[in-house]
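Enquirer: A structural model of the following input is requested.
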Amino acid sequence: MKKVLILLSTIFMSGCFVCHKTSVNNTEVLETVVTEEVIMEESVPVAEEKVILRHSIQNAANFNFDSKDILADKNKLDEVDADIKANPDAIILIEGHTDNLGSVAYNKQLSLERARAVAQAIAKRGYPNPIRIYGAGKTTPIASNDTEAGRAQNRRVDVVLVRE
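Expert: Numbers count the residues shown, from 1 in each chain. Predicted coordinates for the structure are as follows:
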């Protein structure tokens, strides 16, 4: 019985090693884990006196209604590259926003998920800056929520460079 258990454990361990070694998705899982470690969640908005620059990139990271998937071309995030590189000591704060449809709690969570999606896209670029996310929910619209066009503008993220 002992020999069978040793044989089975050897097969199991070598099988896991082989699967781990040859897995196509292994790199993607590792990137996600590493990305999650460098992204920290904030519970309050940043004080305006700490803001260095603010990019409202509604066209670069707009979202469909009730979605956290980035709608626009991620390459438009290149707009913030120069500013991030010019401020190597700045913290990158990603603020997620929603329109006014839905409950406060739901929109708070959705805006946080939107911020996380953009933060992950930015983290993959390899900046040395710390990345933090904040879900503002529906509290800070930039357009009227009375029209679909206005609500679409409010489904956005802001990339904010912040002093420590």
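Enquirer: What's the first helix or strand after the lowest-mean-pLDDT helix or strand in the chain?
Expert: Ranked by mean pLDDT, DSSP states H and E, the weakest helix or strand in the chain is helix 26-38, scoring a mean of 37. Next along the chain after helix 26-38, taking DSSP states H and E as the criterion, comes strand 39-41.
Enquirer: Identify each buried residue in that next one, please.
Expert: Buried residues in strand 39-41, counted by 16 or more other CB atoms under 10 Å: Ile39. C-beta: built from backbone N, CA, C; applies to glycine.
Enquirer: And the next helix-or-strand element following it, what does it pack against?
Expert: Sequence order places strand 51-56 as the next helix or strand after strand 39-41, per DSSP H and E. Contacts defined by 3 or more CB pairs under 8 Å, 6 or more residues apart in numbering; DSSP states H and E place strand 51-56 against strand 157-162.
Enquirer: partners of the strand it packs on in the sheet?
Expert: Sheet pairing of strand 157-162 (DSSP bridges) gives strand 51-56 (antiparallel), strand 91-97 (antiparallel).
Enquirer: Show me what counts as buried in the shortest one.
Expert: Same thing as strand 51-56. So, applying 16+ other CB under 10 Å, buried residues of strand 51-56: 54-56.
Enquirer: what's it in contact with?
Expert: Strand 51-56 is touched from outside by 79-80, 83, 87, 90, 142, 156, 158-163, with contacts defined as CB atoms under 8 Å, 6 or more residues apart in numbering.
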